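> return a 3D structure for these sequence lines:
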Amino acid sequence: MRIDLHNHTTLCNHATGTMEEYVKKAIEVGIDEFGFSEHAPMDFDKKYRLDISQKDYYENEVKRLKEEYKNQIKILLAYEVDFMQDVKMLDVILNAKVDYLIGSVHFLDGWGFDNPEFIGKYENRDIDKIWQDYFDTVQVMAKSKHFDIVGHIDLIKIFKFLPQKDIKLIAQDALKEIKKSDMVIEINAAGLRKPINEVYPSKDILELIAELDIPITLSSDAHSVEQIGFKYDEVANYVKSFGFTKVATFDNRNRKLVNF
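Okay, here's the model as predicted:
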């Protein structure tokens, strides 16, 4: 079964293509279960996310497409939620009737570290501390137990600013908390489109995920029609080389593992 659970729409203000075009492309490339997971509304960085006034439209449109294409593909409804320790998440999102929630870290103390506009802020900071702060935040996110999936778990590597310290040592506590919280980690192809030119997560972290027996799922993190199913077979083969034989999918916050 081909699963792709992390995909966006123009409602986030930094994607292209209609939702129906996304569905048709997913069918074309043989996706069996396709998830829309728009950037959730919150009172921060509103320029790059769904506005709360569009919540009902987004959910209803996904449900409409789910019904219209039910004989060709299974469509899932979700949100990608930014986790920030000092910004409150909206209860209306955390309690939304969706299939799953992705928790992601895109900001450290308000710094959008994955945004090219702010890449200069890496220059005068200790890269090991940046990485540790990032994974400490992922650990707190896992401890919150709000989410089903961890989004692009090593996003901090996006611009190839890599730590001197062993990445496994930096990430291990966060991964143990993810295991404890019974979350899934996505294998995200978007890193292959970024300067790092590497799947999220890296080999080192995927080895830890396998050792801890944490479930995984697959995603394109598409922001355009062309990115749907991006390098799917390459990513699937990469994952299988670590011994994984199943991926997670969801229905109304209930998880199941399927062969891929």
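
> low-confidence regions, this protein specifically.
The chain contains no residues with pLDDT under 70.

> wait, residue 108 touches residue 130, no?
Yes - if you go by C-beta atoms under 8 Å, residue 108 and residue 130 touch, sitting 7.1 Å apart. Bear in mind the C-beta positions are built from the backbone N, C-alpha and C, glycine included.

> if I look at residue 177, how far off is residue 102?
According to C-beta to C-beta, to the nearest Å, residue 177 and residue 102 sit 17 Å apart.

> just residue 148 next, same as before
For residue 148 relative to residue 102 (C-beta to C-beta), the value is 7 Å.

> tell me which of these two has more neighbours.
residue 102 (26 against 22; other C-beta atoms under 10 Å).

> torsion angles phi and psi at the more buried one?
In terms of degrees, to the nearest 10, the main-chain angles of residue 102 are phi -100, psi 130.

> could you do residue 58 as well?
Here is the backbone geometry of residue 58 (degrees, to the nearest 10): phi -60, psi -50.

> so what's it up against?
9, 11, 36, 38, 50 (C-beta atoms under 8 Å, 6 or more residues apart in numbering).

> including secondary structure and distance to residue 240, could the residues you listed go into JSON lines?
What follows is the contacts of residue 58, written out as JSON lines (DSSP: H, G, I helix; E, B strand; the rest coil; distance: C-beta to C-beta, whole Å):
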{"residue": "9", "secondary structure": "coil", "distance to residue 240": "30"}
{"residue": "11", "secondary structure": "helix", "distance to residue 240": "34"}
{"residue": "36", "secondary structure": "strand", "distance to residue 240": "26"}
{"residue": "38", "secondary structure": "strand", "distance to residue 240": "30"}
{"residue": "50", "secondary structure": "coil", "distance to residue 240": "34"}
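
> how many neighbours does the closest residue to residue 19 other than its chain neighbours have?
Leaving out its chain neighbours, the residue that sits closest to residue 19 by C-beta to C-beta, 6 or more residues apart in numbering is residue 9, at 5.3 Å. Residue 9 is flanked by 23 other residues according to other C-beta under 10 Å.

> what residues are up against residue 9?
15, 19, 22, 36, 38, 58.

> any idea which of those residues is closest to residue 193?
residue 15 (13.3 Å; C-beta to C-beta).

> ok but the closest one is inside a helix, no?
No - according to DSSP: H, G, I helix; E, B strand; the rest coil, residue 15 belongs to no helix; its state is coil.

> so what's the residue count around the nearest residue to it once chain neighbours are set aside?
Among residues not flanking residue 15 along the chain, residue 223 sits closest, at 4.0 Å (C-beta to C-beta, 6+ apart). By the criterion of other C-beta under 10 Å, residue 223 has 19 neighbours.

> from here on, call the first residue 16.
Yep, numbering from 16; the last one is residue 238 now.
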